[in-house]
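Student: okay, sequence plus prediction incoming.
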Amino acid sequence: MSDSCCGPTTIAIEQVMAPQQATSGRRDDLPVVVIGAGPIGLAAAAHLTERGIGFLVLEAGPQVGASVAQWGHVRLFSPWKYDIDAAARRLLEADGWTAPDPEWLPTGAELVDDHLAPLAELFGDRVRTDARVTAISRLGHDRVRTAGREQAPFLIRLADGSELQAGAIIDASGTWTSPNVLGGSGLPAYGESEVPVDQAMPDVLGADRDRYEGRHVLVVGAGHSASTTLLALAGLENTPITWAIRAGNASRAYGGGDADALPARGALGTRLHALVESGRIQLLTGFFTHRVRATGDGVEVTSRAPSGTEQSIIVDRIVSATGYRPDHSIAAELRLDLDPVLGSTRALAPLIDPNQHSCGTVPPHGVDELAHPEPGYYAIGVKSYGRAPTFLLATGYEQARSVVAALAGDGEAARDVRLDLPATGVCSSDLAEAQERRAGPPARRRGRSARRSG
């Protein structure tokens, strides 16, 4: 380090060494770095373990599954049999772990406690928490420089000022920390940053109950996160609920009822439709949030439609359930080929277009659809889907398997992509509703964790 006041500062670059492997698409003298210790990132780690490839998992949060823990009170729409990666299962069972009931729909907390935490324990210090990645590049190369690029290791910069080198990168960092804005045209609403706006799926019936009960709550958005929040709010007494959507009607959110291609989704919509028809939920259509401001009576939320027509409502709390978008800023110095609409890879976009597909109809896909012009860099999991809301864990697990096979030089396995999902019944919550009639809601259910035997 320079002793002068203005000289350059030298930052030590840590090299986490891995055993030599016969691979393609990566430098075999350096580890594969997995960004994110959620379900898909840890599944990638499991496949890397089985392939004998050295790796390091970097998790920005204080625990594994940190983003999942934020919605730990919410029950998944798919049962355990779709929620555990095959390689992860093999490693866990070899260590004496007992899998949960395959037909049970776990909560986010159960997914972390019964699956992710014991899996991460197997990897020891190869999983680091509180390790937020701020930037990725190639050592000695910005995005423009080509000569020697593919031979240069990846350079990963962390929030604590340290840097790592990697032979390849699997980015499974997700989108939870980059929600869409409240504003109706993709831009933040005026004043959005100056008033409290809650993220989707708060724990309405549990830890956050006091924040909402007895207050007028506005939910903005038309997806499953909005529906889940609205149904929970309807369980609170003396709590007025307003639901604002951009569309001219809520038919798409309702899902078509009995005629829906996904019966479970139709059942969710039927419940929501009934609450709107009964007046329990007030529906505002054609609502394009333009401005929010605090007043003496609450928060005034104003919509300005494309026609210029305005409508306003005063509420106590706002829940923004407008979806998520990927943050590709950490990879700004890499060469990415992104679809201009979704922000996924260009090859993947037509397979996941939400105008054409639901989560149960996305076709199997793998390394070929996930590859970028930057060899050795792959975004997998929900981040790979960009703004498409059709992601399932089982899809991400197959992505992880395919990408790791490619990094191991097993092109045949990498391209043998398979995904066994029913076309219906894994994307919505009538299954969860039936389960909760049997076992009670998540907040009242305790002590069902999967345990290691012995």
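Tutor: Done, it's in.
Student: which residue ranges of the stretch 301-450 of the chain form strands?
Tutor: Secondary structure of the stretch 301-450 of the chain by DSSP state E, counting those that start in this stretch: the strands cover 310-315, 317-320, 377-379.
Student: so what strands line up beside the first one?
Tutor: Here strand 310-315 has these sheet partners by DSSP bridges: strand 298-304 (antiparallel).
Student: same list (the strands of the stretch 301-450 of the chain) but as TSV, adding mean pLDDT and distance to residue 127.
Tutor: Every residue, glycine included, has its C-beta placed from N, CA and C. Below are the strands of the stretch 301-450 of the chain laid out as TSV (pLDDT from 0 to 100; distance: least, Cβ to Cβ, whole Å):
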stretch	mean pLDDT	distance to residue 127
strand 310-315	97	42
strand 317-320	98	31
strand 377-379	98	19
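Student: out of these, deepest packed?
Tutor: strand 377-379 (a mean of 26; mean count of other Cβ atoms under 10 Å).
Student: what sits up against it?
Tutor: Residues from elsewhere that reach strand 377-379, judged by Cβ atoms under 8 Å, 6 or more residues apart in numbering: 136, 154, 168-172, 326, 328, 331, 334, 336, 345, 367, 370-372, 384, 403.
Student: selection in PyMOL covering whichever of those are buried, please.
Tutor: To isolate the buried ones among the contacts of strand 377-379 in PyMOL, judged by 16 or more other Cβ atoms under 10 Å, type:
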select buried, resi 136+154+168+169+170+171+172+326+328+331+334+336+345+367+370+371+372+384+403
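Student: out of the contacts of strand 377-379, list just those in helices.
Tutor: Cross-referencing the contacts of strand 377-379 against helices under DSSP state H gives 367, 370, 403.
Student: want to throw the strands of the stretch 301-450 of the chain into a markdown table with distance to residue 217?
Tutor: Putting the strands of the stretch 301-450 of the chain into a markdown table (distance: least, Cβ to Cβ, whole Å) gives the following:
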| stretch | distance to residue 217 |
| --- | --- |
| strand 310-315 | 7 |
| strand 317-320 | 5 |
| strand 377-379 | 34 |
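Student: for residue 226, which of those strands is the nearest?
Tutor: strand 317-320 (7.9 Å; Cβ to Cβ).
Student: surely residue 275 and residue 232 touch.
Tutor: No: proximity of residue 275 to residue 232 does not meet the contact threshold set by Cβ atoms under 8 Å, at 11.4 Å.
Student: looking at these two, which is more packed in?
Tutor: residue 232 (21 against 18; other Cβ atoms under 10 Å).
Student: give me the phi and psi for the more buried one.
Tutor: Torsion angles at residue 232 (phi, psi; degrees, to the nearest 10) stand at phi -70, psi -40.
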